[in-house]
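In: Build me a model:
(chains A and B)
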Amino acid sequence: GENVEQHPSTLSVQEGDSAVIKCTYSDSASNYFPWYKQELGKRPQLIIDIRSNVGEKKDQRIAVTLNKTAKHFSLHITETQPEDSAVYFCAAPPRRGSTLGRLYFGRGTQLTVWP
Amino acid sequence: DVKVTQSSRYLVKRTGEKVFLECVQDMDHENMFWYRQDPGLGLRLIYFSYDVKMKEKGDIPEGYSVSREKKERFSLILESASTNQTSMYLCASSFRGLAGVNEQFFGPGTRLTVL
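Out: Model (predicted):
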């Protein structure tokens, strides 16, 4: 909802390790949770999203999990590669039923994968 | 393939000048957004529009105005540019649909420097 907190702000991992980024939201009625990746000098692009009727979604090496009770969702990247290095943003909408389409974004996590 | 374009990649203006940033999308999206991106602050919403001639204030509208005369075009206006408006400006668009909130597609960004 209006308050989306993202942690950590920076994350460094060795190539091949896993990385986890977590976001919390304040509005229990929020129903859509996307993750965006922004490589240096490029535009943010959606990498995975989840809606509130699903607890987990996977796409190859990335997955998103949602805990509606605790109001948090997490991005998991396995077998990290140097090309995963980027800034990652989570987001959530203001409230269920909102048709205006806006999202509140977290402040971002700078992920660095060392070879 | 969704395409969101912005009128300039880099722009240098002087304090007090009127500045126009333009954004065009080619996917017939109802929603369009203007964000400002500063290091450590994530993506902050300035204004958004959910239909032609309709606009809503975001979180940091002061010093900005917008115009949406055609569905595909959304303009951000700095009436009197100030040095604290030096930033990266990102435009985005999204489809409304039944879900209400959907993926936002971003433009390449305009890096504005106000001297």
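In: Nearest residue to B:Asp28 in space, please, no chain neighbours.
Out: B:Lys71 (6.8 Å; CB to CB, 6 or more residues apart in numbering or on different chains). Heads up, the C-betas are built off the backbone N, CA and C, glycines and all.
In: wait, A:His72 sits on A:Ser26?
Out: No - here A:His72 lies out of contact with A:Ser26, judged by CB atoms under 8 Å, at a distance of 10.8 Å.
In: Just list whatever residues bridge to A:Arg51.
Out: A:Tyr32 (DSSP bridges).
In: Can you point out the buried residues in stretch A:47-65?
Out: A:Ile47, A:Ile48, A:Asp49, A:Ile50, A:Ile62, A:Ala63, A:Val64, A:Thr65 (16 or more other CB atoms under 10 Å in any protein chain shown).
In: Please identify which helix or strand holds the residue nearest to the spatial centre of chain B.
Out: Nearest residue to the geometric centre of chain B (CA atoms, centre = their mean): B:Trp34, 2.5 Å. Assessed by DSSP states H and E, B:Trp34 sits inside strand B:31-38.
In: partners of that strand in the sheet?
Out: strand B:42-51 (antiparallel), strand B:87-94 (antiparallel).
In: Highest mean neighbour count out of these?
Out: Highest mean neighbour count of the strands paired with strand B:31-38: strand B:87-94, a mean of 24 (counted as mean count of other CB atoms under 10 Å in any protein chain shown).
In: centre of the chain versus the following helix or strand past that one, how much separation?
Out: Sequence-wise, the next helix or strand downstream of strand B:87-94 (DSSP H and E) is strand B:105-106. How far strand B:105-106 lies from its chain's middle: 11 Å, per CA atoms, centre = their mean, to the nearest Å.
In: Return the residues in contact with A:Ala92.
Out: For A:Ala92, the contact set (CB atoms under 8 Å, 6 or more residues apart in numbering or on different chains) comprises A:Gly1, A:Val4, A:Cys23, A:Tyr25, A:Asp27, A:Ser30, A:Tyr32, A:Phe33, A:Leu103, A:Tyr104.
In: Which strand residues bridge it?
Out: Beta-bridge partners, per DSSP bridges, of A:Ala92: A:Tyr104.
In: In chain A, mark out all the strands, start to finish.
Out: Here chain A has its strands, by DSSP state E, at A:4-7, A:10-14, A:19-25, A:32-38, A:45-51, A:56-59, A:62-67, A:72-77, A:86-92, A:104-105, A:109-114.
In: a markdown table for those strands, including mean pLDDT and distance to B:Glu30?
Out: Below are the strands of chain A laid out as a markdown table (pLDDT from 0 to 100; distance: least, CB to CB, whole Å):
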| stretch | mean pLDDT | distance to B:Glu30 |
| --- | --- | --- |
| strand A:4-7 | 95 | 23 |
| strand A:10-14 | 98 | 36 |
| strand A:19-25 | 97 | 24 |
| strand A:32-38 | 96 | 16 |
| strand A:45-51 | 95 | 18 |
| strand A:56-59 | 95 | 25 |
| strand A:62-67 | 96 | 26 |
| strand A:72-77 | 97 | 26 |
| strand A:86-92 | 96 | 18 |
| strand A:104-105 | 93 | 19 |
| strand A:109-114 | 97 | 30 |
